[in-house]
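> next comes the sequence, and after it the predicted model I'd like to discuss.
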Amino acid sequence: MLVKVFGSAVFGVDATTITVEVNIDKGIGYHLVGLPDSAIKESSYRIAAALKNNNYNLPGKKITINMAPADLRKEGSAYDLTLAIGILAASNQIQSEEVGNYIIMGEMSLDGSLQPIKGALSIAIKAKEEGFKGVILPIQNVKEAAIVDELDVYGVDNVLQVINFFEGKETLLPTKIDTKEEFAKNLEFPEFDFADVKGQESIKRCMEIAAAGGHNIILIGPPGAGKTMLAKRLPSILPPMSMQEALETTKIHSVTGRIKEAGLLTQRPFRAPHHTSSSVSLVGGGSYPQPGEISLAHNGVLFLDELPEFKREVLEVMRQPLEDREVTIARAKFTITYPSSFMLVASMNPSPGGFFIDSNTSTTASQMEMQRYMSKISGPLLDRIDIHIEVTPVPFEKLSETRKAESSDEIRKRVTTARNIQTYRFEKYTSVHYNAQMSSKLIREYCALDEVSLQLLKTAMERLNLSARAYDRILKVSRTIADLDNSENVYSHHIAEAIQYRSLDREGWLG
């Protein structure tokens, strides 16, 4: 007898429906075809033990299973439940015509209990698109899959529940989640707050500008100046994620199996990979491609601490994703694209010893040592960082203050207002949402300068020996400063402030 059941394979961040055809005929043998990997080939042992322990059996006949499309490689152990239900239906141990109306996925233990799978949200989205009645998944994945409206999502603990459901012996209740209510309820600030930061008012101002315009930022300063502390608090002042951003972010984390029982992610991600990270771990890839750190930071912050300590080739692979806001991984038989629209926050010491030339410490570096240290970071990468700011140690008077600093909540309100201005400004552009994404054409349109501002920028570039690449960056940052001031035009004081934030472009910055 031939039976068709349905599973799903995740490639990139999207799912593809897999038709599992099970045919049982006279003879002996178990034949699994359709490019399954080793984990799927081993499933027969798990299925046999799980069915035996639940008073069912693997038929002693010729079992042929085809996973279509047969030219698409399938991987992982998530097809155990799909195959088991197909075998039971084909051998008439389950009497039901409903098995073909559901996407069925789950990894089975030897006692029949189910283990969580990856990519449940992508699977549920595809099931709804293709008109399936519902999806049956391990109970641990039910919250993330139930985010999809108008689809019955059933969470089960054991294969026996699924068998009884199809035979009408047990009623399963679909999990329902009010996505909008869940989104609003879980929208809260991270544990880190700018109110905890003593002093550093100019750096906080920089972080506010970076958050308001989506600008990449690099913090340069000695150990203990507060670079990491400031970077960790940046997500707390970013605008709340929209529903679309929350779904995109949840989808990526679901593919890597990081959701667990969290459901919809409502806080912007903050990723801080170690400086020993490889290129693949940063941008994604591998034999079976997975999203890297830059995709896991999508709609959030990627923090690279001690930037010069990263291998140069690792940093260079970020150049294209920073520009295109997506990363494409090409293989011989397929190509996968992961979204990677993130804010880059980097920190570094000014020298190997950690201090500036004019520091009073005994570990002060020479100008040559500082130049050698800085040269580890390429010009094209620095070109994609809009704001460079020097972080100096906090004096004792500021550290000992008992007065609370401005909270993240207050800063966030100003940032959100500025972002709303940008959303309205760029509403007719599909790929531009905030100032950092402006092209040269848009800069000319929205950053027009009066004669005074133009003369100031010209004088600054000549006297400070600013590089040509700093020109566009200064205009983008000045546009954001104007938005924070709720100013329609960019004026000279906006330009003057933006010029301060290009430390590394100034000739002679190293001393």
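Right, received. Where do you want to start? Residues are numbered from 1 along each chain as shown.
> now do the contacts for Asn101.
Contacts for Asn101 (C-beta atoms under 8 Å, 6 or more residues apart in numbering) come out as 132-134. To be clear about C-beta, it is placed using only N, CA and C from the backbone, and glycine gets the same treatment.
> now it: phi and psi?
For Asn101, the backbone dihedrals are phi -100, psi 0 (criterion: degrees, to the nearest 10).
> that one and Glu326, how far apart?
Asn101 sits at a distance of 35 Å from Glu326 (criterion: C-beta to C-beta, to the nearest Å).
> again with Met348
From Met348 to Glu326 the distance is 27 Å (C-beta to C-beta).
> the two: who's more crowded?
Between Met348 and Glu326, Met348 has the larger neighbour count (other C-beta atoms under 10 Å), namely 22 against 15.
> buried residues in the strand or helix carrying Ile125?
Secondary-structure element containing Ile125, defined by DSSP states H and E: helix 120-129. With burial defined by 16 or more other C-beta atoms under 10 Å, the residues of helix 120-129 counted as buried are 120-128.
> let me have these in JSON lines, adding pLDDT and distance to Val159 as columns.
Output for the buried residues of helix 120-129, formatted as JSON lines (pLDDT from 0 to 100; distance: C-beta to C-beta, whole Å):
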{"residue": "Ala120", "pLDDT": "93", "distance to Val159": "18"}
{"residue": "Leu121", "pLDDT": "93", "distance to Val159": "23"}
{"residue": "Ser122", "pLDDT": "93", "distance to Val159": "23"}
{"residue": "Ile123", "pLDDT": "95", "distance to Val159": "18"}
{"residue": "Ala124", "pLDDT": "95", "distance to Val159": "20"}
{"residue": "Ile125", "pLDDT": "94", "distance to Val159": "25"}
{"residue": "Lys126", "pLDDT": "95", "distance to Val159": "23"}
{"residue": "Ala127", "pLDDT": "96", "distance to Val159": "20"}
{"residue": "Lys128", "pLDDT": "94", "distance to Val159": "25"}
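> ok, Thr337 - contacts?
Counting by C-beta under 8 Å, 6+ apart, Thr337 touches 12, 326-329.
> beta-bridge partners for Gly7, please?
Ile18 (DSSP bridges).
> for Ser503, what are phi and psi?
Dihedral angles for Ser503 - degrees, to the nearest 10 - are phi -50, psi -50.
> run a quick neighbour tally on it.
Neighbours around Ser503, by other C-beta under 10 Å: 14.
> look up how far Thr459 lies from it.
Using C-beta to C-beta, which is the criterion applied here, Ser503 is 18 Å from Thr459.
> before we move on, what about Val153?
63 Å.
> which one's more surrounded, those two?
Using other C-beta under 10 Å, the more surrounded residue of Val153 and Thr459 is Val153, with 26 against 11.
> could you name the helices and strands sitting against the host helix or strand of the more buried one?
Secondary structure from DSSP H and E places Val153 in strand 152-156. Identification of packing neighbours for strand 152-156 by 3 or more C-beta pairs under 8 Å, 6 or more residues apart in numbering; DSSP states H and E yields strand 134-138, helix 142-145, helix 159-167.
> if we use 10 Å, what do you get?
strand 102-104, helix 120-129, strand 134-138, helix 142-145, helix 159-167 (3 or more C-beta pairs under 10 Å, 6 or more residues apart in numbering; DSSP states H and E).
> mind giving me the packing neighbours of the third one?
In terms of contacts (3+ C-beta pairs under 10 Å, 6+ apart), strand 134-138 is packed against helix 80-90, strand 102-104, strand 114-115, helix 120-129, helix 142-145, strand 152-156, helix 159-167.
> which other residues reach the fifth one?
Contacts to helix 142-145, defined as C-beta atoms under 10 Å, 6 or more residues apart in numbering, come from residues 103, 105, 116-117, 119-125, 127, 134-138, 151, 153-156, 174-175, 177, 182, 250-251, 253-254, 259-265.
> what's the closest of the buried residues of helix 120-129 to Gly226?
Leu121 (37.3 Å; C-beta to C-beta).
> got a list of what the closest one touches?
By C-beta under 10 Å, 6+ apart, Leu121 lies in contact with 10, 13, 15, 141, 143-148, 247, 250-255, 259, 263-264.
> what does Arg233 give?
So Arg233 contacts 189-197, 204, 207, 226, 270, 408, 411 (C-beta under 10 Å, 6+ apart).
> let's see that with 6 Å instead.
192, 194 (C-beta atoms under 6 Å, 6 or more residues apart in numbering).
> cool, the one 4 residues further on as well?
Residues counted as contacts of Ile237 (C-beta under 6 Å, 6+ apart) are 211, 408, 411-412, 415.
> how distant is the one helix or strand Ala482 maps to from the center of its chain?
Using DSSP H and E, the element containing Ala482 is helix 470-484. The chain centroid and the centroid of helix 470-484 are separated by 26 Å under C-alpha atoms, centre = their mean, to the nearest Å.
> now Glu167: how far from Ala84?
For Glu167, the distance to Ala84 - C-beta to C-beta - is 14 Å.
> more neighbours: those two, which one.
Each of Glu167 and Ala84 has its neighbours counted (other C-beta under 10 Å); Ala84 has more, 29 against 14.
> and that one, what does it touch?
By C-beta under 6 Å, 6+ apart, the neighbours of Ala84 are 47, 159.
> so where's the stretch 201-350 of the chain shaky on pLDDT?
Applying pLDDT under 70 to the stretch 201-350 of the chain picks out residues 260-262.
> tell me where it has helices.
201-213, 227-232, 243-255, 279-283, 293-296, 312-316, 319-324 (DSSP state H, counting those that start in this stretch).
> in this structure Val415 contacts Ala211, no?
Yes: checked against C-beta atoms under 6 Å, the pair Val415 and Ala211 is within contact range at 4.8 Å.
> which one of these two has more residues nearby?
Ala211 (27 against 23).
> these two touch, right, Met67 and Gly34?
Yes: look at Met67 against Gly34 with C-beta under 6 Å: they come within range, at 3.2 Å.
> these two - which one has more neighbours?
Each of Met67 and Gly34 has its neighbours counted (other C-beta under 10 Å); Met67 has more, 23 against 19.
> mind listing what the more buried one touches?
With C-beta under 6 Å, 6+ apart, Met67 has these contacts: 18, 20, 34, 74.
> try Gly86
3, 5, 20, 22.
> which of the helices of the stretch 201-350 of the chain is buried the deepest?
Of all the helices of the stretch 201-350 of the chain, helix 293-296 has the most neighbours on average by mean count of other C-beta atoms under 10 Å, namely a mean of 26.
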